[in-house]
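Engineer: Provide a 3D model corresponding to the input given below.
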Amino acid sequence: MTMKTVKKIVSTAAFALLVLVASNTTAQNQTRETFIPFLIDINLTDTEVNLTCNDGCAWKTLSFNSTNGNNQWIDASGLTQKNTLSSIDKKLSPFRISFKKVDDKLVLKSTQGAAWKEVPLNADARFTMQINEFGFIQ
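Structural biologist: Next comes the predicted model:
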């Protein structure tokens, strides 16, 4: 094998390695989702859900009834409906969360803007819980 052939093989292998690394990095960046932070305190009473947003929202406090079977949707703009898109400031988190009481559980479902999809809470809890884009904070 001549020196010219060896150089050609090495440069081809180096180019192939560079292409492989670049395509792998691009694929990782396309599948990794970036979440804008939000932080919400949740306080439950027998009949109400009281929320306080500490970060990522245009609102500070929200309250709504927690009767069995009813869904209540929230986003960074406040109370909303399932199929209603609020015009959200780009600096705010684009989360959409529904709250639904089912028997002794309050089920939170995220349809966008959070890493979690569903989190059940004990509806009898009488202490402040916090939730963010990654789930509940203990």
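Engineer: from here on, contacts and neighbour counts on C-alpha atoms
Structural biologist: Will do.
Engineer: ok, residues contacting the helix or strand where K101 lies?
Structural biologist: K101 is part of strand 96-102 when elements are defined by DSSP states H and E. For strand 96-102, contacts defined as CA atoms under 8 Å, 6 or more residues apart in numbering pick out 66-76, 82, 106-113, 123.
Engineer: can you list the domains in this structure?
Structural biologist: Here the domain assignment for the chain is 1-32, 39-137, based on automatic domain parsing.
Engineer: the longest one: how far from the chain's middle?
Structural biologist: If I follow you right, that is domain 39-137. Distance of domain 39-137 from the chain centroid (CA atoms, centre = their mean, to the nearest Å) equals 12 Å.
Engineer: give me the mean pLDDT for it.
Structural biologist: Average pLDDT, domain 39-137: 89.
Engineer: which residues of the protein fall in strands?
Structural biologist: 39-44, 48-55, 61-65, 71-75, 78-80, 96-102, 105-112, 118-122, 129-132, 135-137 (DSSP state E).
Engineer: alright, I will stop here.
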